[in-house]
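**Q** What follows is a predicted structure for the sequence shown.
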Amino acid sequence: MDEKQIKFRKQLGAKIQQLRENKGLTQGDLAALIGFKDFQAISRIENGRVTASVYTIHLIATALEVGIEELFIFD
């Protein structure tokens, strides 16, 4: 994996974490909302250790009540 991919995964994860925390949700709460059995999957996404599928990103955006594009606006 190249540096651009790593940077992107970390930026996406940080954005998801920021939006989740702004909603007052724990990783476990978000996992439950999208039908994941354990919070560690959310942790891995937020820490940039895995690439979330498009479907998972859609589920996360829906659970966080944001448009999917919001997840890709990095500060």
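**A** Sure thing, it's come through.

**Q** Show me which positions of the helix ranked longest in the chain end up buried.
**A** Using DSSP state H, we find that the single longest helix of the chain is helix 3-22. Using 16 or more other Cβ atoms under 10 Å as the test for burial, helix 3-22 gives 8-9, 11-13, 15-17, 19-20. No exception for glycine: its C-beta is placed from N, CA and C like everyone else's.

**Q** How far does that helix sit from its chain's centre?
**A** Per Cα atoms, centre = their mean, to the nearest Å, the displacement of helix 3-22 from the mean C-alpha position of its chain is 7 Å.

**Q** swap in stretch 66-74?
**A** With Cα atoms, centre = their mean, you get 10 Å for stretch 66-74.

**Q** now stretch 10-23
**A** Centroid displacement of stretch 10-23 relative to its chain, using Cα atoms, centre = their mean, is 6 Å.

**Q** And for stretch 20-32?
**A** For stretch 20-32, the gap between its own C-alpha mean and the chain's C-alpha mean amounts to 10 Å (Cα atoms, centre = their mean).

**Q** for stretch 31-38, same thing?
**A** Put simply, stretch 31-38 sits 12 Å off its chain's centre (Cα atoms, centre = their mean).
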